[in-house]
Every structure is written in C-alpha cells, then in structure tokens.
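Chemist: No letters, just coordinates:
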C-alpha cells in the first residue's frame, strides 16, 4: 500500500481502482498472451467445478455409478491449496516492479513447484497416513515439506502482503529455537526438531492442512462463489440502487445509502477492500456533492464496508471457522452475531444522519422522513417474515399430505415464482450503472427498481431455507444456493428476451448468459486465491500454538502486564488483536487472533469471577481484528477509500476509526453482558423470542445514544457533560447488571462443604458456580478459578457423581482430585497441579441470590436522558430526523 501513501490527495481513475482491487484481491497480473490467459481462466474454472463436485455430486453419484470414488478431506484440502498456490504465483507479481503483461520463467517454475508439493499430499494421502502422520516421515517427504512451507509463505507475501509471512516465520522460528533473549521466560520451551516441525506443518493435518484450510475447502469457497455469481448476475448494482431508492432522498442520503449498500454487499463479499472499491466509486462522489469532505466520505464508506465483515451469514468466512473453533452449530454462530452486527449498522446510519444535521446538509431531491423510512423497512420485514412462515407451513403441510411428490411440487412452485419474477423484471429496462459525476443526479425510484431484480432474492431465500428450516450444513446449503444461482445466471437473459417479445435475441442472450456463468465461476475462484493461501499459512500459527506453551501461557503474560485488572486485561487483548490483525485479510486475521487470544479472555475472566462464554471471546477478538482494516498506519480499506475520494489516507483512517468506535465498544459490552449476543436466550420459545426482541430494542436505543455521545450532537450540539451523560445512559442500558452488582451481590457464597446439598436442591437450568484454588501446574504458584456447574439431568442423589468431579471432604475443607476424563471440567481444571504438596480445594459454592430486577436502573438513566433532552430542546434549531 506504499503506492497509495505516495499518491495521497489524488483520486485514482477507474482503471487504477480496478488495478488496486485486483492487486489486493484477485491478482494484478493480466497476461497479454491469450494462451496463458486461457490457462489461468481454465485452472480457475476447474477449481470452481472441483469445489462444486466435492460439495455434493460425488456423494450422490457414488450411490448409482460404480467406480465413482468419494474424495475425503485428506485429499480435498491438498487439491484446494495446490490450485490456489498455482494461481497465486501466476497472477500475483513478486514485486511492484515485476512484469504485469507476461509471466516470467521463474514464476512458472515456482507455480509448478508449489502445485507439485501440494499435489504430492493429495496423491500420496494413504502413504502419508502410515508414515509421516504416524511419526515416521521419509527424507523425501521432509524435502517436499520444506519446499511447501517456503513456497506457501512466499505466496502469502505476494497475495496478502508481508504481515502474515512475517508472523508465520516468527512462529516457525519460535517453534524451532524455543529459547533466546527475544523470547520471554514465560513462554520458553526446549525447542522442536526441524523434521518434527516440517512433519507437523506440512505432512500432518495439524498445520497447513488443518482446520482453517478445511473450512476454506468445505464452506468458504462455495459462499465466495455464490457471491461472485450474484455479482456477475447484476445483484451488486441492484442492491446499491435499492439503497439509493430507499435512502437517497434523506439528509446525507448518499452516506446512508452507502451504509446499507455496503452492508448488503458485505453479505456476499469476503473483502472489505472489494466493498470499498465496488460501492465507493459511486457513493463517495455523491457524498462529497452533498457536503461531506473527502476524508469523511471515505471514512463512511470504510466504516460500512469493514462492518460488512461482521454481518452474518458469511462474516468474512469467520462464521464457519467459529463453528470449528468454538464447537457450536452454524445457526448458533449467526444467532450470537446477529444483534451486534445489526445495531452497529443502524448506529452508523444515525452517525451519518448526525453529520448531516451538524453541517446542515441538504437532501438529493425532495427530502423525506427518516422515521417514515424505518417504518416502511419494519413493515417490509413483517411482510417478508409472514410470507416466509406461510411458506414453511405450506411445505410442512404438503410433506405431511403427499410426501412422495412434495419435492417435485416444490421445484415446480419455485420455477413458477422465478418466471413470475422475471415477468415483472422484463417490463422494465435492465439496470445500468450510474455515473456519480453527472451534472444532474436522478435518484432511482423504489417501485421502478425493486421489480427489476426481485429474482435475485430467490437464491438467498434458498440459502436461508436450507440453513434454518432444513437444518442442513453450511456446505450443503451453500451448494443448493450455488446451483440455484447457476440456473438463474444462465437463464435470466434469454427468458427476459422471450418475455419482452424479442425471440430473435434468444440465442444471443443465451450465449451471454453462459458467458456470465463462466465469468462468475472464474471470478469466484480468483477471489478465493488469497483466502485459501491465508488459511493455509494461518495453519502454521495454529499448529505452533497447540505444540508449544505460547497458547497456554499467553494468559499469564497478559495478566502480568495488566496487573490482574480484568478491564485492563481486555484492553490489552483488544490491542494485541488489533496489532496481530495489521495487514491481514479478515479470515487469516481471525484465525491468528482467535488462536492466541480467545482462550486468554475466557481464562482471565474466570480468574476474576466473570464467566465469559467462548463464543463471546471469539467475537471479541474478531471485532478487534477487523478494526485493523480501518486503523492507520496500515488500514488497507482506508487507503482504498482515500484512493477513491482523493483524501488523505491517514486522516481518512482516523476518521473511520472515530466512526467505528461503536464497533470497538460492542465487544466490551457483550463480554460483561452476554445476553447482547443472545447467549442463554432460547429462540425456540415464545418467551425467548420476546426476550430477544426486547434485547434488540433496548440495545438499538442504547447504541444510538452512544453514537450521539461520540458525535457530540443529539438534538443540538452537545456540551461535554451532556455527552458524558449520554454515554452513562447508554452504558446503563447496555449493562444494567454492572450497577446491580455494586448494590447486591449476584451470588450467595456458601461453604464448600454444602456443595452436595446445594447441587441436589437445584433445578435443571439453575446457575451454580464454584471457586477453585490450588497450585499452578507450571509455576506452582496459587491460582484461583471460578467454574460454572451445569446441573445434570439425573436424580438428585447421583448428581455429584454425574459431574465427574472427585471431592474429598475433610471437615470444612473440600479437597479435589483430578476430574473424570472426558468431562468438561477436565479441560477447565487442567492447569492445576493435583499431585503437588498443596491440595487443590473448593473454596466455596455460589448460588444465585434473590435480587431486584436489573432493569430498575433504567429509571434513573431515562430521567438523566430526559434532562439532556429538555436542555437541548431549548437550543435545537432543526428537526432531529
């Protein structure tokens, strides 16, 4: 990104922007030799077809066609990486000055060698299982591993920049040496053998070919391909037009439309830079026309584009990684991530609204009401939800009445709906890309735009249906969505021609549809190059963390630096996550920071008596990791936005960080109040749904107040103490239990000797905790831990045995032995030394106390808010909305 820094203040041309996007996401090399270009396109096309094949057809056809062999993950992962490495060396130049129009001979050599060493793992999967993976690698395998690791790190440098390559190299060096003046004593180890490292990193399924690459192979590719096909079909332009039709007439309308458009694009994109360049080329010039400075226009686009990475269902591929790392279902990940993401976007719309009010910006065209727009959106969601649940009821009834023909009937109904949507679309001309620099801007009209691409919603409905109703895996759901999209992208053009009475154009449009299909398949594969390389290289970090003390001892280092204060610990973890994420794409960034930091948050919270859900810890480090795309001095998305706006990239980055303060605050809030991520809320019951709705409403209101406080404007320009009061009110609405815990203890502490009695009297679902104290297994120093006890669903007299805890009561003291193998408490207590001179003891058992409702603190908070409103109304000079 040095080039952007040298061109600060200069807006890039469309050609330069596309080159910037290609350089960062798909590869900046475009060979003029058509045979070479055809080879690159052919390999990318083969990669997409291979990924579709391993998603479902190989399993379906193997049942009916003899000789069709199912390829397992020990072969799909190497082939996935082999194709990615081959393309990486062909399309990403080695240096800024390397040739772009042709591929040098050394890159051909590196591409073939990289493909070969990864394909070696594919071809010799069975032999590796009985040699290297059994701890007996051959010398040939070691040589292959050495070449593979080196070439993977080089491919990472080319495709992603030097950050991940440097981090990977540092971790390899740490794994080998173990000790040295640069390595803190806390994480020292004796060092691993060279062959052992190569075996773990390249030849086994722990390192490069471990879980991150497995997630990239099984899930991420299909979702990225789905997004590429939607974009090639015209959905990206459709979503932007919808956003401008709905929001363009408001104050600061282009900025609000940028937020919504980028959010919608983020649903189908895994790259914040792609979001900035794709939507920003249209939205940023329009924002500048209504009064936003170059830096603020770029910052709004950066904030909304980066936040696209926290929006389910893709979340920059992190959602699928969380499934593997946290051990919960994909639907649970979406459930936990949904409210923070949505309220963050709502707050950003409010922030740009406040900017428009502060600077008295006018609307494009006839101004309209923001509350009226929100009401229309809410009504739209109600109608869509009603139709969706009606469809669920209809399908369930059909399956109950006629199960044999239900599948065929559903396909016919879907085809009929698709044809009806195309009939509506064919009555209007296809959407064209607008020029934001035209002298007169004609904002699109919703009733004209909406019908033109309503059929693009069908594959999204198919995806949601298989995920939420059929409860299929993400891979299977994405496969059916991709197949739906393949059909739509191929047929929409010729069918529209027929419906418009242009039968003579049928074959021309059919060929154009097939060309869109090929372009989409190729674009999907090229978009995956960086992600596949990133997940492979990040596997090096994951394997090092599991094979060395750094994973278990980093908590001690953070605790030492923070002085044992939990809030400072979280600040340090957030800072480490931000630093580790510098220059990394979303996927690699999450893998690195979660491997190192997520368990640190959980373990340090437990030591302070705060039980942090693992999913909350993962979301915490993920939110801070993606902020690296915003924050200077790296801030890749900020540099991209400055290239579009012509603003200063550093100032753009700082302004974007200021707009993104809500994204920084949210992780702290759901650590202290996990109900914000619907943790412990059962959405399968009416009570749970009502609770979720209440949480969403309160959290949204609180986040709007937080936005007003940080922007220094509510009904009028705020005085400093009014901003402080708004922050206090927002904090109270977000975390009312903070104040309640100061007034009444959350738990009654009872003697450890009463543990059995308390456990027997508890009801399933009750919250019980115990505090454990004893010598640390490594240092021997006394440490404490608070542990949640799940009430076993067994007879009361057998509950202690069912927990797997071994207790040795002796009067008032309750000593503990190592928990039963395989129980959750075995891992939780693994850092204690149960065989030392000092015993591990249960200090107390904690039972929930009877307390007043935490919502009682809403009353003084709302009274304070009323005071601010009363004072600002006297100074208010224009409507608040």
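Modeler: Yes, it's here. Owing to the predicted nature of the structure, the values given are computational and were not obtained by experimental measurement.
Chemist: residues contacting the residue of the chain positioned farthest from its centre?
Modeler: Outermost residue of the chain with respect to the C-alpha centroid, by C-alpha atoms, centre = their mean, is residue 811; its distance is 51.0 Å. Going by C-beta atoms under 8 Å, 6 or more residues apart in numbering, residue 811 touches residue 753. (Glycine included, C-beta is placed from N, CA and C.)
Chemist: Now it, what are its backbone angles?
Modeler: phi 70, psi -130 (degrees, to the nearest 10).
Chemist: Ok, residue 748 next?
Modeler: Backbone torsions of residue 748, given as degrees, to the nearest 10, read phi -90, psi 130.
Chemist: got a list of what the residue nearest in space to the middle of the chain touches?
Modeler: Nearest residue to the geometric centre of the chain (C-alpha atoms, centre = their mean): residue 315, 2.7 Å. Residue 315 makes contacts with 309, 333, 337, 586, 622, as judged by C-beta under 8 Å, 6+ apart.
Chemist: next one: residue 233
Modeler: When contacts are taken as C-beta under 8 Å, 6+ apart, residue 233 is in contact with 456, 485, 488-489, 492, 516, 520.
Chemist: quick one on the thing from earlier: from the contacts of residue 315, which land in helices?
Modeler: Mapping these onto helices (DSSP state H) picks out 333, 337, 586, 622.
Chemist: Quick check: closest non-adjacent residue to the second one.
Modeler: This means residue 337. Using C-beta to C-beta, 6 or more residues apart in numbering and skipping the chain neighbours, the partner closest in space to residue 337 is residue 312 (5.1 Å).
Chemist: Can you report how many residues lie near the one you found?
Modeler: 18 (other C-beta atoms under 10 Å).
Chemist: three-state assignment of it?
Modeler: Following DSSP: H, G, I helix; E, B strand; the rest coil, residue 312 is assigned to coil.
Chemist: From residue 790, how far out is it?
Modeler: Using C-beta to C-beta, to the nearest Å, residue 312 is found at 27 Å from residue 790.
Chemist: residue ranges with poor pLDDT in the stretch 1-150 of the chain?
Modeler: Within the stretch 1-150 of the chain, the ranges that satisfy pLDDT under 70 run 1-27.
Chemist: Going by residue numbers, what spans are helices in it?
Modeler: Per DSSP state H, counting those that start in this stretch, the stretch 1-150 of the chain carries helices over the ranges 2-6, 14-21, 34-55, 57-62, 73-91, 105-123, 125-130, 139-160.
Chemist: Same check on the stretch 701-850 of the chain?
Modeler: Under the criterion DSSP H, counting those that start in this stretch, the stretch 701-850 of the chain contains helices at 720-734, 736-743, 755-761, 799-803, 824-828.
Chemist: looking at the ones you listed, which is buried most?
Modeler: Mean neighbours per residue, mean count of other C-beta atoms under 10 Å, is largest over these for helix 720-734, with a mean of 19.
Chemist: helices and strands around it, which ones?
Modeler: Contacting helix 720-734 under the criterion 3 or more C-beta pairs under 8 Å, 6 or more residues apart in numbering; DSSP states H and E are the following elements: helix 686-711, helix 736-743, helix 858-875.
Chemist: now the closest residue in space to residue 254 that isn't next to it in sequence: how far from residue 234?
Modeler: Of all residues not flanking residue 254 in the chain, residue 286 sits nearest, at 3.7 Å (C-beta to C-beta, 6+ apart). Between residue 286 and residue 234 the computed distance is 20 Å (C-beta to C-beta).
Chemist: same deal with residue 164?
Modeler: 34 Å.
Chemist: Mind checking which of these two has more residues around it?
Modeler: Taking neighbours as other C-beta under 10 Å, residue 164 and residue 234 compare with residue 164 leading, 26 against 20.
Chemist: May I ask which helix or strand encompasses the residue nearest to residue 254?
Modeler: Secondary structure assigned from DSSP states H and E places residue 286 in helix 272-289.
Chemist: What residues of that helix count as buried?
Modeler: Buried residues in helix 272-289, counted by 16 or more other C-beta atoms under 10 Å: 272-288.
Chemist: Report the next helix or strand after the longest helix that the chain contains in sequence order.
Modeler: When the chain is parsed with DSSP H, its longest helix is helix 506-547. Beyond helix 506-547 on the C-terminal side, the first helix or strand identified by DSSP H and E is helix 550-562.
Chemist: if we look at that next one, which residues are touching it?
Modeler: Residues outside helix 550-562 that contact it (C-beta under 8 Å, 6+ apart): 174, 184, 186-187, 544-545, 568-569, 571-573, 576, 595-597, 599-600, 603-604, 607, 778-779, 831.
Chemist: Report the buried members of those.
Modeler: Applying 16+ other C-beta under 10 Å to the contacts of helix 550-562 flags 174, 187, 544-545, 569, 572-573, 576, 595-597, 599-600, 603-604, 607, 831 as buried.
Chemist: related to what we said a few turns ago, quick one, which of the helices of the stretch 701-850 of the chain is nearest to residue 357?
Modeler: Proximity to residue 357 (C-beta to C-beta) singles out helix 720-734 among these, at 15.4 Å.
Chemist: Need the contact partners of that closest one.
Modeler: Against helix 720-734 from outside (C-beta under 8 Å, 6+ apart): 669, 673, 676, 698-699, 701-703, 705-706, 708-710, 712, 714, 718, 738-739, 857-858, 860-862, 864-865, 867-868, 871-872.
Chemist: Likewise for stretch 791-798?
Modeler: By C-beta under 8 Å, 6+ apart, the list of residues contacting stretch 791-798 from outside reads 759-766, 768, 799, 802-803.
Chemist: Lowest pLDDT pick from those residues?
Modeler: Within these, residue 765 has the lowest pLDDT, namely 69.
Chemist: quick revisit: and the angle from the longest helix of the chain to helix 73-91?
Modeler: If you take axes from the mean of the first three to the mean of the last three C-alpha atoms, to 10 degrees, helix 506-547 sits at 110 degrees to helix 73-91.
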